[in-house]
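Participant: could you look at this predicted model? Sequence included:
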There are 8 protein chains.
Amino acid sequence: MEKVKVGIIVGSDSDLPLIQETTSVLDEFSINYRVTIASAHRTPEKVKRFIKSCEKQGVEVFIAAAGMAAALPGVVASETVFPVIGVPIPSKSLGGVDALYSIVQMPSGIPVATVAIGKAGAKNAGILAVEILAIKNTKLRTKLKWYKHKMAVSVENKDKKLQKLGVDNYIK
Amino acid sequence: MEKVKVGIIVGSDSDLPLIQETTSVLDEFSINYRVTIASAHRTPEKVKRFIKSCEKQGVEVFIAAAGMAAALPGVVASETVFPVIGVPIPSKSLGGVDALYSIVQMPSGIPVATVAIGKAGAKNAGILAVEILAIKNTKLRTKLKWYKHKMAVSVENKDKKLQKLGVDNYIK
Amino acid sequence: MEKVKVGIIVGSDSDLPLIQETTSVLDEFSINYRVTIASAHRTPEKVKRFIKSCEKQGVEVFIAAAGMAAALPGVVASETVFPVIGVPIPSKSLGGVDALYSIVQMPSGIPVATVAIGKAGAKNAGILAVEILAIKNTKLRTKLKWYKHKMAVSVENKDKKLQKLGVDNYIK
Amino acid sequence: MEKVKVGIIVGSDSDLPLIQETTSVLDEFSINYRVTIASAHRTPEKVKRFIKSCEKQGVEVFIAAAGMAAALPGVVASETVFPVIGVPIPSKSLGGVDALYSIVQMPSGIPVATVAIGKAGAKNAGILAVEILAIKNTKLRTKLKWYKHKMAVSVENKDKKLQKLGVDNYIK
Amino acid sequence: MEKVKVGIIVGSDSDLPLIQETTSVLDEFSINYRVTIASAHRTPEKVKRFIKSCEKQGVEVFIAAAGMAAALPGVVASETVFPVIGVPIPSKSLGGVDALYSIVQMPSGIPVATVAIGKAGAKNAGILAVEILAIKNTKLRTKLKWYKHKMAVSVENKDKKLQKLGVDNYIK
Amino acid sequence: MEKVKVGIIVGSDSDLPLIQETTSVLDEFSINYRVTIASAHRTPEKVKRFIKSCEKQGVEVFIAAAGMAAALPGVVASETVFPVIGVPIPSKSLGGVDALYSIVQMPSGIPVATVAIGKAGAKNAGILAVEILAIKNTKLRTKLKWYKHKMAVSVENKDKKLQKLGVDNYIK
Amino acid sequence: MEKVKVGIIVGSDSDLPLIQETTSVLDEFSINYRVTIASAHRTPEKVKRFIKSCEKQGVEVFIAAAGMAAALPGVVASETVFPVIGVPIPSKSLGGVDALYSIVQMPSGIPVATVAIGKAGAKNAGILAVEILAIKNTKLRTKLKWYKHKMAVSVENKDKKLQKLGVDNYIK
Amino acid sequence: MEKVKVGIIVGSDSDLPLIQETTSVLDEFSINYRVTIASAHRTPEKVKRFIKSCEKQGVEVFIAAAGMAAALPGVVASETVFPVIGVPIPSKSLGGVDALYSIVQMPSGIPVATVAIGKAGAKNAGILAVEILAIKNTKLRTKLKWYKHKMAVSVENKDKKLQKLGVDNYIK
């Protein structure tokens, strides 16, 4: 799987730290991706060019992260028939509810696969992209099962530590 | 003032009854306008074509009404340097808060002049457009003052009726 | 494409009218699907059995619709590595915000692809499922482009009618 | 009362400091409890195993704390007929409203006894568990009355201090 | 179990239809209960008298339903050490969020076991009361398991009907 | 007490049915009042004139009811040093939260005594006005105690009926 | 005016810094007041005793400040016929909306005069109390006018400074 | 364009840092403006005087910024027929939703062109004012196009940097 499979768009460079949560998941699954900074409102043409260029390269899933009146994921969805995942970025005053509503409440016809606000959502956007790509890729699917297994093991290990130490010592 | 001055876009024909509140204000001020149905997500190119065509005809203010993840007003604003007025349309489940946030919370650089959710907002979009056009049009400004005066008189008349009838008889 | 490709779970039979929006999209794309009534809280084992049985049949995308403390989509996501689409169903008192938060705010590790509250979301869940299945199915992808085209044409036709009739006659 | 009476589940070790509010109440009433880290989404089987094991040990009340799309308390409630208390943990972006709705808005048939978001709720979960256990335990009930009395005395003492010092000196 | 075990208080007679959801559950489990109309704000003394009288009769769980600034459940909780279940009643303008916050956000020291807004919550209040009473009553616990089983069977039956009829015929 | 004691302002004649809740309370206490229709935004001068005229007549409390961006109560408060009671009127899309925030969140220096949204608030505005006027009027204070007593008796009577009929017969 | 005129109740000593905003206003108007710490839920009897004792001393206005499920102001209102002012105290997770709803949404019959959340509200509670007391106290009314005048002058002075310095220098 | 074209009003000097976002935009476009501190509630007459004086000087657009029960923009709009732009300022407890609702939900007849909460809104208020003034000023319109172009170039440059450095190095 050497081709670029995921196209990621952030509306501003201030969103890059958050999107690292996404890219580190993709790295873990050895999935190639492209990241671009492009704005639905400031550089709409660039958004389109990126999508077309990605599609030519073989991209099969798009991820778009945006805050406030987060039009980006919807605009991407209007320009492609590949699935688009939207990540709402929290804003200072409304805590990300504005971005969540702007991304998830898409009118019928143009869906955006919305994930949680902020960090957890950015990570889950990566995992969701892997799940979508894994449909026809048994290797990737096996890896996903292993990934989920590791998460479970990590919970188990923390619990073992807790059973040994007790609550008070654990959190010291 | 025979040229078309206001370009109005609604995302769906179900928004037309609401936008009548806007057009009836413009009619009252004898301002020419065009109305189109075009969707930011379903027909993005049509939105652009309408804007360019409007600008050629002399349109100086745009009004865009949309519900849910109401991207339309922001998309219009990204394609023109003329002022864009956004009308949030109420949806069934969230009462229009989704549209309000999607329209008003524009990122810095691309403003949308947002008005109230629903009917009152649709009417005010018309009045705001007139106020903007009236800046360099003294006749229109005089009309606006007269319009405001009539509103005040209407309040006064209702109050006179109230003073005559009393609350109980008034609302019978 | 004769195999069942989409597994749909609703928490209650009162959600079936809404899910018809989803199934009619899948019908339009000739995608086979299964629908079951199963509750994350009342019949958790049934949910699991359905997922396992679906996976054996070749299901590649799950859709789960639920209202209130809508745990169903997350529970499905915890039991499979195939992508899970969640549809928030509006409740009487909170308008579906409870279901939306319960579905979209998944903790990192277990994503649910969330769509809009209610009818528009139910339809978009169908389209999103098609988009995911179309990644490796060029025929389906061509159909999707055609579907989007038809939506655009429908908007265009409404607009043509509007240009002919004007706002007042259109909404009569 | 040497048997374990309360089973406590947190979704993540980051919730342990909060749950200390709960355990310190139980300690104060000399009620034995078990705490485990287990996730409704990452380790659903572990959640079930814990519940079954607790029930065998004589646990009569469960407490589950979770944030975001907090499915854990509901999942616990679906696996037991003992009362389940749910503690919503605040998240960064939505302040815990997401967890509150996900916990309290349970569909009819599977109740979760929900307490306040965060610290106050965690403490009250402990007290509520004691109240439930005290129904058939007159000693515990007497202790509870004493506990409430001490709370009242503590308020009285603060007020006495206030009457002596005045507002300005009190808060210095 | 002939003694009165549950004391139910509603703030207004307009809440009685809702509380029928609660009493029909208790009837189903043959649990005796008392219902009174008493207001935290209009008849605070009556609330207290009811609680004391209930306690003398052997009541072990209280259920209080209230809307708007729903102080009733908290006031009951401040007067007893038996567990208190609070049911938020939806109001016209705020959909019950006001009652939910007023009931669930209790300060530390005085818990109220809060259930869902409206009908589902009223029913769950009954079930939660049974769960609490069942802790030391094996017969009641067996009945509860049976009750849960019946709920599961009802879901299974609906699903069987669905599998036979298909979605379209089911909802006709 | 023949002088006009309460000045009531509503922003629109559509608010009159609601304000009847207020006036019927004042009628019950034989308190004279004036009602006017005047708008903070459409007839600001009329608002001022009404206040000044009321003050000359001996008005000692103002009540202002408004919806949406409910500026009226605050504007009244800025023009008088007599206490101003604000009643938020529910709007279609936001349920009155807009009016509530616009009335209660007054900046420091200019308080508005805010009551509940809608009908209950309108009635309470009347009672609050009576409470304020009763401070130096022992007769009025006695009446208030009687009024509260009657409310309590009404609750008691409903409860008596309930004890006689039971829940099921009561609500038939 | 040497008698105690205002009775102030806070639910917790952590609310005292906020209530200083209230007391400093009363100090400025030389109005005597009493402050007590008493909890609607932990020390309901103490609340009542304070109210009765205040009424005997000549208190004519009550101010109650509380956070979360802020029952205190409503409980005070249920025990007196003097006007009660409620101050919502912000909580960590819900920003004070919980307290606001719990205080302002009083059922019809028992009003609480609600002011803004937090600091501004605490100050305004003091001013509102003065406005109420000033109804029959011309000296106090003159002082209030002077107080309002000083506020206006302070705004004027800041503006003069701004006109001299310009925005950039002002905020340096 | 040497005349003063924009009149800016802030309710408090604490809003000046935010309004610098507005004035720096106007400076960039060499548009003359006046800024004043004036309060709708504390100095209503000053607000009016400022508006009248601005209108005499040739001001054609007003910008008003306010927090909490933000009446200022609406009050300005009620006193002029020139377009009024409203900037909601975030408050501590409600994050600016209070100001947003108080500004955007204007009743029909008196529109306020509302922009985003806080910093982004303050900047956009400046740009919207320029857009309005540019309608009849081709030079200004050309500048606006250039301004938008620069924004796009800035996005492009950030993206170029990103393509060179990659996500990890970019955010170091």
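Facilitator: Now that the structure is in, tell me what you want to look at.
Participant: going forward, measure contacts and count neighbours with C-alpha atoms only.
Facilitator: Noted.
Participant: which parts of the lengthiest helix in chain A are buried?
Facilitator: For chain A, the helix with the greatest residue count under DSSP state H is helix A:138-170. Neighbour-count burial for helix A:138-170 flags A:140-141, A:143-144, A:147-148, A:151-152, A:155-156, A:158-159, A:162, A:167 (criterion: 16 or more other CA atoms under 10 Å in any protein chain shown).
Participant: okay, now the closest residue to chain E within chain A: neighbour count?
Facilitator: Proximity of chain A to chain E (CA to the nearest CA) peaks at A:V97, 17.2 Å away. Counted with other CA atoms under 10 Å in any protein chain shown, residues neighbouring A:V97 total 22.
Participant: same question for the one 10 residues further on.
Facilitator: When neighbours are counted by other CA under 10 Å, A:P107 registers 25.
Participant: and if you look at the one 4 residues further on?
Facilitator: Burial of A:P111 is recorded as 36 neighbouring residues (other CA under 10 Å).
Participant: my read: it touches C:A129, true?
Facilitator: No - at 9.7 Å, A:P111 and C:A129 do not qualify as touching, with contact defined as CA atoms under 8 Å.
Participant: dump the residue contacts of A:A113.
Facilitator: Contact analysis of A:A113 by CA atoms under 8 Å, 6 or more residues apart in numbering or on different chains lists A:83-86, A:104, C:85, C:113-115, C:128.
Participant: between those residues, which is closest to chain D?
Facilitator: Closest to chain D, out of all of the contacts of A:A113 and judged by CA to the nearest CA, is C:T114, at 12.3 Å.
Participant: distance of the closest one relative to A:T114?
Facilitator: 5 Å (CA to CA, to the nearest Å).
Participant: any common contacting residues for the two?
Facilitator: With CA under 8 Å, 6+ apart, C:T114 and A:T114 have common neighbours A:104, C:104.
Participant: A:V59 belongs to a helix?
Facilitator: No - read with DSSP: H, G, I helix; E, B strand; the rest coil, A:V59 is coil and lies in no helix.
Participant: list the contacts for the nearest residue to A:K5 once chain neighbours are set aside?
Facilitator: Distances taken as CA to CA, 6 or more residues apart in numbering or on different chains put A:V59 closest to A:K5, at 4.1 Å, once the chain neighbours are dropped. If you count contacts by CA under 8 Å, 6+ apart, A:V59 has them with A:3-7, A:33.
Participant: before we move on, what about A:K158?
Facilitator: When contacts are taken as CA under 8 Å, 6+ apart, A:K158 is in contact with D:13, D:37.
Participant: try A:K48
Facilitator: Applying CA under 8 Å, 6+ apart, the residues near A:K48 are A:76, A:79.
Participant: regarding it, what is its secondary structure?
Facilitator: helix.
Participant: pLDDT at the one residue sitting closest to the centre of chain A, what is it?
Facilitator: Nearest residue to the geometric centre of chain A (CA atoms, centre = their mean): A:A125, 2.3 Å. pLDDT recorded at A:A125 is 98.
Participant: over to A:S93?
Facilitator: 86.
Participant: using the three-state scheme, assign it.
Facilitator: coil.
Participant: can you get me a residue count around it?
Facilitator: Around A:S93 there are 20 residues (other CA under 10 Å).
Participant: got a list of what it touches?
Facilitator: Counted by CA under 8 Å, 6+ apart, A:S93 has contacts H:90, H:95-96, H:117-118.
Participant: mind checking how far it is from D:P90?
Facilitator: 17 Å.
Participant: what does A:S30 give?
Facilitator: A:S30 is 34 Å from D:P90, by CA to CA.
Participant: which residue ranges form the strands in chain A?
Facilitator: A:4-10, A:32-37, A:61-67, A:84-89, A:113-114 (DSSP state E).
Participant: do you know which of those lies nearest D:K172?
Facilitator: strand A:84-89 (40.8 Å; CA to CA).
Participant: my read: the residue nearest to the centre of chain A touches A:F62, true?
Facilitator: No - using CA under 8 Å, A:A125 is not in contact with A:F62, being 9.6 Å away.
Participant: so what sits against both of those two?
Facilitator: In contact with both A:A125 and A:F62: A:I85, using CA under 8 Å, 6+ apart.
Participant: surely A:T114 is in contact with C:I117?
Facilitator: No - judged on CA under 8 Å, A:T114 makes no contact with C:I117 at a distance of 11.8 Å.
Participant: looking at those two, which is more packed in?
Facilitator: A:T114 (35 against 28).
Participant: which residues touch the more buried one?
Facilitator: A:85-88, A:100, A:103-104, C:104, C:112-115.
Participant: before we move on, the earlier item: would TSV of the strands of chain A with distance to E:K46 be doable?
Facilitator: Output for these, formatted as TSV (distance: least, CA to CA, whole Å):
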stretch	distance to E:K46
strand A:4-10	61
strand A:32-37	66
strand A:61-67	52
strand A:84-89	50
strand A:113-114	51
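Participant: which bits of chain A sit near chain D?
Facilitator: Contact residues (CA under 8 Å from any CA of the partner chain) of chain A with chain D: A:90, A:95-97, A:117-118, A:148, A:151-152, A:155-156, A:158-159, A:162-163, A:167-168, A:171.
Participant: quick check, the residue in chain A closest to chain H?
Facilitator: A:S93 (4.6 Å).
Participant: for H:S93, see how far away that residue is.
Facilitator: Counting by CA to CA, the gap from A:S93 to H:S93 is 10 Å.
Participant: show me what contacts the residue nearest to the centre of chain A?
Facilitator: Per CA under 8 Å, 6+ apart, neighbours of A:A125: A:22, A:63, A:85-87, A:115, C:111.
Participant: any of those buried? List them.
Facilitator: Counted by 16+ other CA under 10 Å, these give A:22, A:63, A:85-87, A:115, C:111 as buried.
Participant: state the number of residues packed around A:I51.
Facilitator: A:I51, neighbours per other CA under 10 Å, totals 22.
Participant: give me the low-pLDDT residue ranges for chain A?
Facilitator: A:1 (pLDDT under 70).
Participant: straight-line length of stretch A:52-63, end to end?
Facilitator: 14 Å.
Participant: in contact with A:D168, which residues?
Facilitator: Contacts of A:D168 (CA under 8 Å, 6+ apart): D:Q20.
Participant: how close does it get to C:G67?
Facilitator: 38 Å.
Participant: try A:T22
Facilitator: From A:T22 to C:G67 the distance is 29 Å (CA to CA).
Participant: and for A:S53?
Facilitator: For A:S53 relative to C:G67 (CA to CA), the value is 40 Å.
Participant: show me which of those two is the more surrounded one.
Facilitator: Higher neighbour count among A:S53 and C:G67: C:G67, with 30 against 12, using other CA under 10 Å.
Participant: all set, thanks.
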